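*Asks:* here's my sequence, what's the structure:
(2 chains)
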Number of protein chains: 2
Amino acid sequence: MNVSNLPPTAFVDPFGRNRAAIAPLLQQVSQQILDYLSGAATTSPLPEVSQAPQVRIPIAPVAVTDLLAQIQHLMAQSMNPAHPGYMGHMDPMPSTFSMLGDWVAAALNNNLLSVEMSPVLSRLETLLMGEIARMFGLGDKSGGVLVSGGSLANLQALIVARNAKLGVLESGLMPFGKAPVVLTSELAHSSVQKAAMVAGLGTEGAIAIPTSEKGQMDGAVLRSHLQQVRENGQYPFMVLATAGTTVTGNIDPLGEIGDIARENDLWFHVDGAYGGALVFSDQHRHRLAGIEQADSVTFNPQKWLYVTKTCASVMFRDMAVLEDHFRVAAPHMHTAPDWPNLG
Amino acid sequence: MNVSNLPPTAFVDPFGRNRAAIAPLLQQVSQQILDYLSGAATTSPLPEVSQAPQVRIPIAPVAVTDLLAQIQHLMAQSMNPAHPGYMGHMDPMPSTFSMLGDWVAAALNNNLLSVEMSPVLSRLETLLMGEIARMFGLGDKSGGVLVSGGSLANLQALIVARNAKLGVLESGLMPFGKAPVVLTSELAHSSVQKAAMVAGLGTEGAIAIPTSEKGQMDGAVLRSHLQQVRENGQYPFMVLATAGTTVTGNIDPLGEIGDIARENDLWFHVDGAYGGALVFSDQHRHRLAGIEQADSVTFNPQKWLYVTKTCASVMFRDMAVLEDHFRVAAPHMHTAPDWPNLG
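*Replies:* Numbering: from 1, shown residues only, chains lettered A, B, ... in the order given. The predicted structure follows:
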């Protein structure tokens, strides 16, 4: 970095020497954000992009006024979830404090990969996810981690399930010798098929169970598919139920599927990325009955909880499985005696 | 959501009706951030966490003053990368405009999973990553995607390499019949071993090549390991070089490794999460010579480019491989005629 070339507001000076120059900059961006959000009803929910954004990687510093104008231009052409006519179901307008929390996170820039790099926020993640896991009824040993999307949450659960059920963490799939498959509803999120592909099962390793007219998996149909894949020489190790399908929000019969999973020694995962938020509703929580049997649960605060993206999570009935079946240690990272590194 | 229970500042009103109440809130958090950053020299780089953070999931709304106090408390106990005595190498103090960009992103809450959900920002991602890929010399068909960390970037490259070289996207690994392996330096980031594990190769599927006294892979040693793994009946499909090792920043001899990859029909990936930033330096760019041969490159703006987390990327010499060897379509997502959905 050519420091002599840097504008005086490039970084906030830790001795406060450029505070007078930085303060109006923060004020201006706050103002632009407030203008945008409190005028959201007057602009389109989905503005036209008249021309592709200009992308140049500048050699010299760009004037602050130009940067502010570019921000303005990008905001004006963005999808506008704050518009009252926006029907974004899974992508809500975030709450005020969720946005403000993001501002603080950007300023702190702590790295949650280790307790050493984010002493209080790593602890907060562990404690908060433990609280939420217990709300789902996952029990005393449960907990979870925040991840950057529901696809990653489903992937992490599938990898842990694969390693725990097949014992392939170190040796890989080849010595296992049978083709492992995961059974899920034909209405499951596309990330399930992608997770199967990433895991080495192939897209065909996610077996789509036809759904009822209510868009739900049916226990009898699931059982017959289990039998069929076994007859095909495939090895079912996981059943993935959906609590809140992407298009219509249907919830699979979680109790029944949990029973089938237990009888067949299958890992039972519930993708509650969308519908999991019902756990916060006294009136509707009963719709998730059976989820407390799950070995793992995907849940996205960034949907019904009005939290900014990207904020998803995956929870495990027994957090020790993460350490045993997913962890690859980074030898250069220090650990804290009483808090795990969950990055 | 019990709307009658909501505090009047819970969301920014799109008609501007609570603007007078919201404005001071934004101002206060801006102020807290500015106080923190411009006083960073006076607080510890790594404060003690005297007690674990309090985690309660409240039933009723929490007073704004309490929320602001909680933010203050969390900031005071966070790792403080803005301290002038902080030696954080890969986790920098972010630039002012990177933080402000994050604020705007939080307010817009656009979902880059599809062009429909983020019309201008999805285009910006494609264009910007194309520009950067060409700076790395990856050619006219190159491009990339932003991901939430270098581990995910290395994983995505490894999965694409595996699918492209072995043809296992649909069928999975089992019908392939041989144990695929990736060869990499013993000093490669731990995410390579994790990516091999996730991909179904197992942690043993990442073959660690001993390094020279300079901490670099050596061509002759790599060749002898290639021969050895073949004699073991394993199937090498990828070599992963490191441009900037995690602990000491060494760069493998990229040109030589690229040659070996081409001769042996291996996918050539360069993990430039850290050192890739040298491409922006006229003086030091030559240290990356050979990277232009890569099939894929990991690069993390969140390190040497002073960009807030989480901001990493993976680039491909030929962006069509992403569509051909990684994509699982989401049938409910619309596509724009001239812009891909890269989520």
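
*Asks:* contact partners for the closest residue to residue A:284 other than its chain neighbours?
*Replies:* Leaving aside its sequence neighbours, residue A:284 sits nearest to residue A:278 (Cβ to Cβ, 6 or more residues apart in numbering or on different chains; 4.7 Å). Where C-beta positions appear, they are placed from N, C-alpha and C, glycine not excepted. Residues counted as contacts of residue A:278 (Cβ atoms under 8 Å, 6 or more residues apart in numbering or on different chains) are A:243, A:284-285, A:287-288.

*Asks:* just confirm yes or no for the strand ranked longest in chain A near chain B.
*Replies:* Ranked by number of residues, the top strand in chain A under DSSP state E is strand A:234-242. No: Strand A:234-242 lies out of reach of chain B by Cβ under 8 Å from any Cβ of the partner chain, never closer than 9.1 Å.

*Asks:* now for that strand, which elements pack on it?
*Replies:* helix A:150-166, strand A:179-185, helix A:219-231, helix A:254-263, strand A:267-271 (3 or more Cβ pairs under 8 Å, 6 or more residues apart in numbering or on different chains; DSSP states H and E).

*Asks:* do that again at 6 Å, thanks
*Replies:* Under the contact definition 3 or more Cβ pairs under 6 Å, 6 or more residues apart in numbering or on different chains; DSSP states H and E, strand A:234-242 sits against strand A:179-185, helix A:254-263, strand A:267-271.

*Asks:* for the second one, buried residues please.
*Replies:* It stands for helix A:254-263. Neighbour-count burial for helix A:254-263 flags A:254, A:256-258, A:260-261 (criterion: 16 or more other Cβ atoms under 10 Å in any protein chain shown).

*Asks:* could you pick out the buried ones from the contacts of residue A:278?
*Replies:* Of these, these count as buried by 16+ other Cβ under 10 Å: A:243, A:287-288.

*Asks:* including distance to chain B and pLDDT, could the residues you listed go into CSV?
*Replies:* CSV is the format used below for the buried ones among the contacts of residue A:278 (distance: Cβ to the nearest Cβ, whole Å; pLDDT from 0 to 100):
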residue, distance to chain B, pLDDT
A:243, 17, 98
A:287, 16, 98
A:288, 16, 98
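
*Asks:* ok, of those residues, which one's closest to residue A:49?
*Replies:* residue A:243 (35.3 Å; Cβ to Cβ).

*Asks:* counting by contacts, list what the longest helix seen in chain A packs against.
*Replies:* Longest helix of chain A, by residue count under DSSP state H: helix A:19-38. Applying 3+ Cβ pairs under 6 Å, 6+ apart, we find helix A:19-38 packed against helix B:19-38, helix B:96-108.

*Asks:* and with 8 Å instead?
*Replies:* helix A:64-76, helix B:19-38, helix B:96-108.

*Asks:* show me the one of the helices and strands packed on strand A:234-242 that comes nearest residue A:228.
*Replies:* Closest approach to residue A:228 among the helices and strands packed on strand A:234-242 (Cβ to Cβ): strand A:179-185, 10.2 Å.

*Asks:* sheet partners, orientation included, of that closest one?
*Replies:* Applying DSSP bridges, strand A:179-185 is found paired with strand A:206-209 (parallel), strand A:234-242 (parallel).
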